[in-house]
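> What shape does this take:
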Amino acid sequence: MLVEGESGTGKELVADAVQALSNRSGRPYVKLNTAAIPRDLLESELFGHERGAFTGAVQLKKGKFEVADGGTLFLDEIGEMPLDNQVKLLRVLQDGSFARVGGNQALKAEVRLVCATNRNLKEEVLAGRFRMDLYFRLNVVNIVVPPLRERREDIPLLARAFCERLNRRHQGTKELSEQVIQHLRRQDWPGNVRELENTLEKLYVLSPGRQVVIDPGAIEPEPTAGQRRDQGQRAAPPATAEDAIRALIGLPMDEVEKRLILATLAHCGGNKSKAARQLQIGLKTLYRKLVSYGMKVEGE
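The predicted model follows:
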């Protein structure tokens, strides 16, 4: 199965739903973001390795295929997989057999493979960056997840669901007003569902009362007709920097840092690598802080 869509559209949620609603729901469900694994370690992650197979391999390790035997393996960002690893993946899909790195024993695994990508794999095939035979093998069942701007009717449902999740996490009772919902519906959300979720969290933590309100600068204002014609222009923020700073007076430094990090992440459309660069901190440091805020951290 191949799930395609822009970054942040919820491709992993589609895979989760496939697993939950299938007859394999009680069996192993293993996930791997292939883009987050160094090229020289990806084979070991997929197929495992024997003790002593390479420097640092101090004990036998089972790969994702072996762990997921009888269940489902979800490979995210499959379009980023190097060609040499694509060959080895294709071999497993053809006959279900593989060998651990450094081993000679042929192992078998019966796995339902679900792959996701934000790339156009047809174009990647034509460019020689993705194997045609692997593409056809994966594309037996194809699901395309449309960007959020093409399904604005989902925005109120998603926003309220995210707000309820935040209430449970923070033991709160905040609500979204119709004004906020309509404001969210007017946005294009280039970062899709992930950007919406991060923006909702920012609005939530910046709203002192029971009602979630639009904080100045939290969301880019809706562009005017003239600005829509000029894609190079950006609308001016609705409030001054002095207003934004004044809102932080009296807050503990940890809370100020948290609001700055979440605001920067929302500004970057949920792109953690870009946010870390703007904040001038390491990506691992950003991940650690987001986890401390109770946020789910996924590989880019």
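
> among the helices and strands of the protein, which has the poorest mean pLDDT?
helix 225-229 (a mean of 41; mean pLDDT, DSSP states H and E).

> Now do the helices in the stretch 151-300 of the chain.
154-170, 178-185, 192-206, 225-229, 241-246, 253-267, 272-279, 283-292 (DSSP state H, counting those that start in this stretch).

> and those helices, which one is worst for confidence?
Of all these, the minimum mean pLDDT falls on helix 225-229 (a mean of 41).

> Residue 15: which of the helices of the stretch 151-300 of the chain is closest?
helix 192-206 (14.1 Å; C-beta to C-beta). In short, each C-beta sits where N, CA and C put it, glycine included.

> re earlier: could you say which one of the helices of the stretch 151-300 of the chain comes nearest to residue 101?
helix 283-292 (26.0 Å).

> Buried ones in that closest one, by neighbour count?
286-287, 289-290 (16 or more other C-beta atoms under 10 Å).

> The nearest residue to residue 194 once chain neighbours are set aside and residue 191: what is the separation?
The spatially closest residue to residue 194, leaving aside those adjacent along the chain, is residue 8, at 3.4 Å (C-beta to C-beta, 6 or more residues apart in numbering). Using C-beta to C-beta, to the nearest Å, residue 8 is found at 5 Å from residue 191.

> hey, what's in contact with both of the two?
269-270 (C-beta atoms under 8 Å, 6 or more residues apart in numbering).

> circling back: count the neighbours of the residue nearest to residue 194 for me.
Residues lying near residue 8 (other C-beta atoms under 10 Å) number 24.

> and which of the buried residues of helix 283-292 is nearest residue 170?
residue 290 (14.9 Å).

> what about the strands in this protein?
Per DSSP state E, the chain has strands spanning 2-5, 29-33, 48-49, 61-62, 72-76, 97-98, 107-108, 112-117, 142-145, 175-176, 211-212. These are given in chain order.

> closest one to residue 132 among those?
The nearest among the strands of the chain, by C-beta to C-beta, is strand 2-5 at 13.6 Å.

> Which strands border that closest one, and is each parallel or antiparallel?
strand 112-117 (parallel), strand 142-145 (parallel) (DSSP bridges).

> Output those in a markdown table; the columns should cover mean pLDDT.
Rendered in a markdown table, the data for the strands paired with strand 2-5 read as follows (pLDDT from 0 to 100):
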| stretch | mean pLDDT |
| --- | --- |
| strand 112-117 | 96 |
| strand 142-145 | 95 |
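
> Dump those strands to JSON lines, plus distance to residue 102 and mean neighbour count.
As requested, the strands paired with strand 2-5 are exported to JSON lines (distance: least, C-beta to C-beta, whole Å; neighbours: other C-beta atoms under 10 Å):
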{"stretch": "strand 112-117", "distance to residue 102": "24", "mean neighbour count": "22"}
{"stretch": "strand 142-145", "distance to residue 102": "36", "mean neighbour count": "14"}
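
> Out of these, which gets nearest to residue 182?
Between those, strand 142-145 lies closest to residue 182; by C-beta to C-beta that is 24.2 Å.

> Burial check on residue 295, number of neighbours?
So residue 295, with other C-beta under 10 Å, has 16 neighbours.

> Not counting residues beside it along the chain, what's closest to it?
Residue 295's closest residue in space is residue 201 (C-beta to C-beta, 6+ apart), at 7.0 Å.

> what's the distance between that neighbour and residue 175?
Distance from residue 201 to residue 175, by C-beta to C-beta: 15 Å.

> More neighbours: the two, which one.
For residue 201 and residue 175, the more surrounded residue by other C-beta under 10 Å is residue 201, and the numbers stand at 23 against 13.

> what about stretch 76-93, average pLDDT?
pLDDT averaged over stretch 76-93 gives 93.

> How about the contacts made by the residue nearest to residue 18 when sequence neighbours are not counted?
Nearest residue to residue 18, sequence neighbours excluded (C-beta to C-beta, 6+ apart): residue 114, at 6.1 Å. By C-beta under 8 Å, 6+ apart, the contact set of residue 114 is 1, 3, 15, 18-19, 72-75.
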